[in-house]
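Peer 1: I'd like to go over a predicted model; first the sequence, then the structure.
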Amino acid sequence: MTAPLQDQHKCVALIISCRKYLYTRAAKQDTSALPFDFKYFIGEDPSSNLALPLNTIELPCNDSYESLPHKVNEAIKWAKANLNFDYILKTDDDIVFNAPAIRDVFSIVTSRQVDYAGSFSRSKLPLYSYSHLGSCEDPILRCIPMLGPRSPYASGGAYFLSARAVDAYLDVYSSIPDHLIYEDGVMGECLSASSIFKDIVVQPFPPDEYRKAFFWDDE
């Protein structure tokens with residue numbers, strides 16, 4: 001088991017999952033290669049009587065794909081209220097972790113006092129995106145293109161936020177249009193809309209380099 005990263009900056013990992021994958025995909029994820037304390041987060045299901053696995057938090061939100069921005073917001077609010085941290089790592093239950101590479105990335109983030117770090121989109125997205133097709137529960141949303149983010153954003157598989165960036169995000173989340181369903185794009189929109197945006201330090205890692213630390217396939 002990988003020991004927690006010994007660093008003067010404390011980071012906690014928020015791993016977003018759902019009931020559909022909690023006992024399959026999440027259960028198989030190798031968190032021993034994650035050098036941070038972590039929690040899994042799922043949406044609520046009042047009809048379920050199943051005991052939740054250790055380190056799993058049920059949030060007051062829907063578990064659907066289109067509810068991901070709200071689920072991430074609830075997870076970050078929970079972390080803010082219940083955990084002490086200098087940074088959070090938002091990641092997912094299908095990510096493969098590489099502890100030595102994660103340590104290298106986090107060292108860069110902390111030494112440069114970065115507020116928002118990750119693998120940023122390499123080209124400007126079109127106004128509408130089709131990446132959600134077939135994933136939504138809503139029968140209409142799953143069949144039509146949706147408005148994509150206009151602001152730069154780090155891909156949702158894994159990104160770091162400083163405590164300052166967390167506060168900036170929470171301050172403006174409720175003002176962001178709720179028809180945006182891509183949680184990583186919503187994060188970029190929130191930070192861009194923040195009153196302290198000009199002071200936020202952003203670290204876009206080259207995708208090939210960053211994915212040595214966190215591997216996912218969203219191409």
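Peer 2: That came through fine. Numbers count the residues shown, from 1 in each chain.
Peer 1: low-confidence ranges in this protein?
Peer 2: Counting by pLDDT under 70, the chain has low-confidence residues at 1-7, 122-148, 218-219.
Peer 1: for this protein, longest helix please?
Peer 2: helix 68-82 (DSSP state H).
Peer 1: angle of the next helix or strand after it against helix 68-82?
Peer 2: Counting by DSSP states H and E, the next helix or strand C-terminal to helix 68-82 is strand 87-92. Strand 87-92 runs at 150 degrees relative to helix 68-82, counting by axes from the mean of the first three to the mean of the last three Cα atoms, to 10 degrees.
Peer 1: in the lengthiest strand in the chain, which residues are buried?
Peer 2: Identified as the longest strand of the chain according to DSSP state E is strand 154-162. By neighbour count on 16 or more other Cβ atoms under 10 Å, the buried set for strand 154-162 is 154-162. C-betas here are computed from N, CA, C, even on glycine.
Peer 1: how about the residues you listed in TSV, adding distance to residue 14?
Peer 2: Output for these, formatted as TSV (distance: Cβ to Cβ, whole Å):
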residue	distance to residue 14
154	14
155	15
156	12
157	13
158	11
159	11
160	11
161	10
162	14
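Peer 1: could you single out the nearest of the residues you listed to residue 68?
Peer 2: The closest of those to residue 68 turns out to be residue 156 (Cβ to Cβ; 8.0 Å).
Peer 1: is it true that the closest one touches residue 184?
Peer 2: Yes - under the criterion of Cβ atoms under 8 Å, residue 156 makes contact with residue 184 at 3.3 Å.
Peer 1: can you tell me the helix or strand for residue 39?
Peer 2: Using DSSP H and E, residue 39 sits in strand 37-43.
Peer 1: strand partners of the very next helix or strand once past that strand, parallel vs antiparallel please.
Peer 2: Downstream of strand 37-43, the first helix or strand assigned by DSSP H and E is strand 56-59. For strand 56-59, the paired strands and their directions (DSSP bridges) read strand 37-43 (parallel).
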